[in-house]
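A.B. asks: dropping a prediction and its sequence here:
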Amino acid sequence: KAGVTQTPRYLIKTRGQQVTLSCSPISGHRSVSWYQQTPGQGLQFLFEYFSETQRNKGNFPGRFSGRQFSNSRSEMNVSTLELGDSALYLCASSPGQGPYYGYTFGSGTRLTVV
Amino acid sequence: ILNVEQSPQSLHVQEGDSTNFTCSFPSSNFYALHWYRWETAKSPEALFVMTLNGDEKKKGRISATLNTKEGYSYLYIKGSQPEDSATYLCASLSGSARQLTFGSGTQLTVLP
């Protein structure tokens, strides 16, 4: 059974550019959540999607956006990149909506903004 | 408690020692508490999902307890092994949060 796949694994971008990260959940999982981890910080919640609808959004500026497709694959986009956006971005999938299911995490995308 | 807090931040133990760490979370409006293990260069791996006060879960040498009334959970590792070295994360949906909120983790190093 394939795990959660995130692409790309590593990314270097310049300030002001935009970036799109992709997450393919485990087959049959309909919920995808995104988290940001920066040095010294815990996992900070970005978004949760279920059945192509954004169910929850974390406390991030509007430069951070996302979407989910009918096959449950999800993308997140960051526009006008800032140095502080350098982080590990993790996505996690679960079979259903809500906190009663354990998350399966991908390996993450390491974004470096220079 | 307004946020999810974990203690200690880091811990070094000798192989064979038993150890435990704490996760504190808002006790109001409790829905669920998760534990994850995150080894270096790997993805976080789910250990337990706990929803009921008094819940106890066990997976091999690792077990966890939950007290939703006072807002804490303990994770225990019996007879620690070097392969247990990892960061252990807890996450709760409770209080005013509308999504699963993670603590900063406890970094465990088991020395051979």
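C.D. replies: Yep, it's here. The shown structure was predicted, so the numbers you read here are calculated from the model rather than taken from an experiment.
A.B. asks: is chain B within reach of the lowest-mean-pLDDT helix or strand in chain A?
C.D. replies: The weakest-scoring helix or strand in chain A, judged by mean pLDDT, DSSP states H and E, is strand A:53-57 (a mean of 91). Yes. Remark: strand A:53-57 sits within contact range of chain B at residue A:56, by C-beta under 8 Å from any C-beta of the partner chain. In short, each C-beta sits where N, CA and C put it, glycine included.
A.B. asks: identify the residues contacting that strand?
C.D. replies: A:45-49, A:66-68, A:97, B:98-99 (C-beta atoms under 8 Å, 6 or more residues apart in numbering or on different chains).
A.B. asks: which bits of chain A sit near chain B?
C.D. replies: By C-beta under 8 Å from any C-beta, the residues of chain A that approach chain B are A:3-4, A:33, A:35, A:41-43, A:45, A:48, A:56, A:58, A:90, A:92, A:98-108.
A.B. asks: mind listing what's buried in stretch A:5-22?
C.D. replies: The neighbour-count check on stretch A:5-22 (16 or more other C-beta atoms under 10 Å in any protein chain shown) flags A:6, A:13, A:19, A:21 as buried.
A.B. asks: okay, now residue A:37: neighbour count?
C.D. replies: Neighbours of residue A:37 under the rule other C-beta atoms under 10 Å in any protein chain shown: 18.
A.B. asks: how near is it to residue B:87?
C.D. replies: In this view, residue A:37 and residue B:87 are 11 Å apart by C-beta to C-beta, to the nearest Å.
A.B. asks: and for residue A:78?
C.D. replies: Taking C-beta to C-beta, one finds residue A:78 at 25 Å from residue B:87.
A.B. asks: in chain A, where is pLDDT below threshold?
C.D. replies: Along chain A, segments meeting pLDDT under 70 span A:1.
A.B. asks: could you show me where the strands are in it, in order?
C.D. replies: With strands called from DSSP state E, chain A shows them at A:5-7, A:10-13, A:19-24, A:31-37, A:44-50, A:53-57, A:64-68, A:74-78, A:87-94, A:104-105, A:109-113.
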